[in-house]
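Enquirer: the following block contains a protein sequence and its predicted model.
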Amino acid sequence: MTVEQWIKEGESHFGAQRYQQALAAYEQAIRLDPANGANYFYKSTALKALKRYAEGVAACDQGIRLAPNVAALHYGRGVHLELLARPAEALAAYDQAIRLNLNIAAIQAGRGRTLHALKRYAEVLAAYEQAIRLGYDPNDAILLWNKGESLFFLKRYAEALTAFEQAIRLNPNSATLYWNKGATLEMLDRNEEALVAYEQSIRLDPTAEYPRSGRERVLQELERSKGTGAKYWVVRRGPRDKDSRGNFHSMEKYAGPFSTEEEAWAKAHSVKDSDRNYLERMRSIDADQAKEFGSIFLGTGYVAISDKELEEVRRRGIRIY
């Protein structure tokens, strides 16, 4: 048989999930033409299916030595390195494949996963956006999971919650996803909903420690709020998420909760740059305008605000830290 026939034979076995026979066929092709680096990519795919990842890296390395400009070999090397939990090396391999003009959705998705492992969260989002533009499934469960975690660590909690909820619809039996959802809701001060998510996580995995800790935190917070009748906070406008127009798109809780508006304003007035006129300006601005331009953020002063008004700000798309 010729090299081409052995490759075709290997592909036939591979398609039928006979991976050991596929590997044997690809090795016959390499035996007949050992200087053809591209053939090592076929070998690496069979090794991946057999979960022999270290050998897969070695096959790609051998092919790269013979044919350094074959982008598929660098892509294959990245896949095996990722599966070996070597994300920095995997990322370098994916990037080399892109430099050789193999910019496909699977590579950008791989970059997203490896960047997530490296905790480079802003880059994770960019890689996944590029993967989706290239045709990657936007409802891929791992993509949504990693996207949610990246948004969480970037403190973009409302967006993180959306990603986790989408991932849960695809994987409703994941205790970890419900824990992620609970932690995100907790950061959004939606403690009743966080409690529900934590309890679902515990039902799915009674041995899990983190959702139990989360449940205890929100139970204590709910009890404390109930006992004090807290309704008011002192918040600071910005300075996070300032856009090119100088508008602010976030609030930071500074102090509270307080039982009365007077107590909250007393605290706000004790801080430099407090602004009692702020709430009147905020109430007068159209909600759609506020959401589009973030125009309620006219400065960086400290103000008192009720729970109800805080929820209205959040509804308008403003992040609360």
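Expert: That came in fine, so what should we check first? Residues are numbered from 1 along each chain as shown.

Enquirer: count the neighbours of the closest residue in space to E199 that isn't next to it in sequence for me.
Expert: Distances taken as C-beta to C-beta, 6 or more residues apart in numbering place R215 nearest to E199, at 6.4 Å, with adjacent residues excluded. Where C-beta positions appear, they are placed from N, C-alpha and C, glycine not excepted. Neighbour count of R215, defined by other C-beta atoms under 10 Å: 21.

Enquirer: OK, contacts around R215?
Expert: 182, 195, 198-199, 202 (C-beta atoms under 8 Å, 6 or more residues apart in numbering).

Enquirer: that one and L91, how far apart?
Expert: Distance of R215 to L91, computed by C-beta to C-beta, to the nearest Å: 37 Å.

Enquirer: doesn't W233 belong to a strand?
Expert: Yes - assessed with DSSP: H, G, I helix; E, B strand; the rest coil, W233 lies in a strand.

Enquirer: wait, doesn't it sit right on G256?
Expert: Yes - the pair W233 and G256 passes the contact test of C-beta atoms under 8 Å, sitting 3.7 Å apart.

Enquirer: hey, what's in contact with both of the two?
Expert: Each of A264 lies in contact with both W233 and G256 under the rule C-beta under 8 Å, 6+ apart.

Enquirer: more neighbours: which of those two?
Expert: Per other C-beta under 10 Å, whichever of W233 and G256 has more neighbours is W233, with 24 against 20.

Enquirer: tell me the centre residue of the chain?
Expert: Per C-alpha atoms, centre = their mean, the C-alpha nearest to the average position across the chain is that of K147, at 2.0 Å.

Enquirer: got a list of what that residue touches?
Expert: So K147 contacts 112, 124-125, 128, 163 (C-beta under 8 Å, 6+ apart).

Enquirer: any stretches of the protein with poor pLDDT?
Expert: For the chain, applying pLDDT under 70 flags the ranges 226-230, 237-254, 271-301, 313-321.

Enquirer: switch the cut-off to 90
Expert: By pLDDT under 90, the low-scoring segments of the chain are 1, 38, 101-103, 189, 208, 218-321.

Enquirer: domain-wise, how is it divided?
Expert: Following automatic domain parsing, the chain resolves into domains at 3-102, 143-228, 232-320.

Enquirer: redo those as CSV? Include distance to D137.
Expert: Shown next, in CSV, are the domains of the chain (distance: least, C-beta to C-beta, whole Å):
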stretch, distance to D137
domain 3-102, 17
domain 143-228, 7
domain 232-320, 27
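
Enquirer: so for H116, which of those sits nearest?
Expert: For the domains of the chain, the distance to H116 is smallest for domain 143-228, at 4.3 Å, taking C-beta to C-beta.

Enquirer: helices of the stretch 51-200 of the chain, start to end?
Expert: Using DSSP state H, counting those that start in this stretch, the helices of the stretch 51-200 of the chain run over residues 53-66, 71-83, 87-99, 105-117, 121-133, 141-153, 157-170, 175-187, 191-204.

Enquirer: measure the residue nearest to the centre of the chain to A163 for me?
Expert: Separation of K147 from A163 (C-beta to C-beta): 5 Å.

Enquirer: for the closest residue to L83 other than its chain neighbours, list the residues it contacts.
Expert: Leaving aside its sequence neighbours, L83 sits nearest to Y53 (C-beta to C-beta, 6+ apart; 4.7 Å). For Y53, the contact set (C-beta under 8 Å, 6+ apart) comprises 47, 80, 83-84.

Enquirer: kindly recompute the last result at 10 Å.
Expert: Neighbouring residues of Y53 by C-beta atoms under 10 Å, 6 or more residues apart in numbering: 44, 47, 79-86.

Enquirer: only the buried subset of the residues you listed, as a PyMOL command please.
Expert: Under the burial definition 16 or more other C-beta atoms under 10 Å, those of the contacts of Y53 that qualify are selected in PyMOL by:
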select buried, resi 44+47+79+80+81+82+86
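
Enquirer: among the contacts of Y53, which two are most distant?
Expert: Pairwise distances across those (C-beta to C-beta) peak at 17.7 Å, for the pair S44 and A85.

Enquirer: just the closest of the contacts of Y53 to A59, please.
Expert: Of all the contacts of Y53, A59 sits closest to S44, with 4.4 Å by C-beta to C-beta.

Enquirer: I'd assumed Y26 was in contact with that closest one.
Expert: Yes - between S44 and Y26 there is a contact under C-beta atoms under 10 Å: 8.9 Å.

Enquirer: residues in contact with both of the two, list them for me.
Expert: Shared contacts of S44 and Y26, defined by C-beta under 10 Å, 6+ apart, are found at A59.
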